[in-house]
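Novice: Fold the following and give me the result.
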Amino acid sequence: MNATPLYAAIEAGGTKINVAVGSGPADIRRRARIATRHPDETMPEIAAFLDGAVAEFGPLAGLGIATFGPADLDPASPTYGCVFAGTKPGWDDTDILGPFVRQLGCPAAIDTDVNGAALGEARWGAGKGFESIVYFTVGTGIGGGFVQDEKTRHGLTHPEMGHVLVRRHPHDAYPGICRFHGDCVEGLASGPAIRDRLGAPLDELPEDHPFRAILADYLGQLCAQAVFLLSPQRIVLGGGVMNAGGLHGPVTDAMRRYLAGFIPHPRLKGDDYLVPPALGDDAGIAGAFALAMDASRRASR
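Specialist: Numbering: from 1, shown residues only. Alright, predicted model coming up:
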């Protein structure tokens, strides 16, 4: 048995699945990146990685999974740990938690990928030291997670902040790409929406392209709604679209326009309220480690 407890962390995304074993995100002993194919191919590959880790390190103390959604996160539900009909063909009603719990025989927890990233940033990244943060990812989709007192918050199910409706920009006639809502914020401002409307990803467009102002407007509305609804102490804004650069300032300006001075808190006027993630691409796997640690801690009480 390891003197230092080791945990398994799985970050399941729409195109790739990151799997790691270590004592935490700063001490990863073994990791792999697996393409997200049909579950009949992908799940055995994850299981083989975990078998190899157990053979090398011994029993693991906990398992955390941060998965693409929608997913059933209610432990009392008969479909707890399953992902439902969403954007990944072939994964409908797949149990992404149960097989690995049975394989490892350790405490486990599951949350969405964006909630996992929010938890990782809250514990070790740009949200450390704050009682509440909202994390948005803007990439293949748009999602948001809310962490308060180092716990992600759920309700009927997990939040779907990327599907909120926004006011249409006066210079934008694009109908939207979301197959459910058309012109929700994901339908207007996600990576696929940008490529569909412009024929190229944002990082291939010139810095003075007029669409950047439209994009900042939509994301600013999203952040303003988070302030009105949740009043987080910090907003972390990441994802592949944001990695194109130069957007955090314009999004902050747009957020302030939509807040219109209604919330007179001095932090909203500073340049450190809406920030990029500190953990970069490792935010999700860090969150999965946090879920595993918390599950192990609860089981030992």
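
Novice: buried sites along stretch 221-235?
Specialist: 221, 222, 223, 224, 225, 226, 227, 230, 232, 234, 235 (16 or more other C-beta atoms under 10 Å). Where you see a C-beta, it was placed from the backbone N, CA and C, and this is true even at glycine.

Novice: cool, stretch 173-190 as well?
Specialist: So for stretch 173-190, counting by 16+ other C-beta under 10 Å, buried means 174, 176-178, 181, 183-190.

Novice: cool, and stretch 33-53?
Specialist: Result for stretch 33-53 [16+ other C-beta under 10 Å]: buried residues 34, 36, 39, 42, 43, 46, 49, 50, 53.

Novice: ditto for stretch 67-81
Specialist: Buried, per 16+ other C-beta under 10 Å, within stretch 67-81: 67, 68, 69, 70, 71, 72, 73, 81.

Novice: list the contacts for the fifth one?
Specialist: Looking back up the chat, that one is residue 71. 81, 82, 83, 84, 96, 110, 112, 158 (C-beta atoms under 8 Å, 6 or more residues apart in numbering).

Novice: Spit out the contact partners of the third one.
Specialist: Shown here is residue 83, whose contacts under the criterion C-beta under 8 Å, 6+ apart are 67, 68, 69, 70, 71, 72, 91, 92, 93, 94, 96.

Novice: Cross the residues you listed against strands and list the overlap.
Specialist: 67, 94 (DSSP state E).

Novice: Name the nearest of the contacts of residue 83 relative to residue 137.
Specialist: Nearest to residue 137 among the contacts of residue 83: residue 68, at 11.2 Å, using C-beta to C-beta.

Novice: if I look at that closest one, how far off is residue 150?
Specialist: 23 Å (C-beta to C-beta, to the nearest Å).

Novice: try residue 26
Specialist: 17 Å.

Novice: How many residues are close by residue 3?
Specialist: Neighbour count of residue 3, defined by other C-beta atoms under 10 Å: 4.

Novice: Secondary structure element holding residue 213?
Specialist: Using DSSP states H and E, the element containing residue 213 is helix 211-230.

Novice: quick one: contacts for the residue nearest the centre of the chain?
Specialist: The geometric centre of the chain, computed from its C-alpha atoms, lies nearest to residue 114 (C-alpha atoms, centre = their mean), at 1.5 Å. Residue 114 makes contact with 135, 136, 137, 143, 144, 145 under the criterion C-beta under 8 Å, 6+ apart.

Novice: Next: residue 148.
Specialist: 131, 132.

Novice: ok, it to residue 205 distance?
Specialist: Distance of residue 148 to residue 205, computed by C-beta to C-beta: 37 Å.

Novice: hmm, back to that, between all of the buried residues of stretch 221-235, which two are separated the most?
Specialist: Across those, the longest distance by C-beta to C-beta is 18.4 Å; it joins 221 and 234.

Novice: The closest residue to residue 210 other than its chain neighbours: what secondary structure?
Specialist: Nearest non-adjacent residue to residue 210, counting by C-beta to C-beta, 6 or more residues apart in numbering: residue 171, 7.4 Å away. Three-state assignment for residue 171 (DSSP: H, G, I helix; E, B strand; the rest coil): coil.

Novice: Please work out how many residues are found near residue 171.
Specialist: 10.

Novice: how close does it sit to residue 217?
Specialist: Residue 171 is 9 Å from residue 217, by C-beta to C-beta.

Novice: returning to that earlier point: mind checking which of the buried residues of stretch 173-190 land in helices?
Specialist: 185, 186, 187, 188, 189 (DSSP state H).

Novice: residues touching the last one, list them.
Specialist: Residue 189 is in contact with 138, 142, 215, 218, 219, 222, 241, counting by C-beta under 8 Å, 6+ apart.

Novice: same thing but 10 Å
Specialist: 138, 142, 162, 166, 174, 176-177, 183, 202, 211, 214-219, 221-222, 241 (C-beta atoms under 10 Å, 6 or more residues apart in numbering).

Novice: Run a quick neighbour tally on the closest residue to it other than its chain neighbours.
Specialist: Once flanking residues are discounted, residue 189 sits nearest to residue 218: 4.4 Å by C-beta to C-beta, 6+ apart. Residues within reach of residue 218, counting by other C-beta under 10 Å, total 25.
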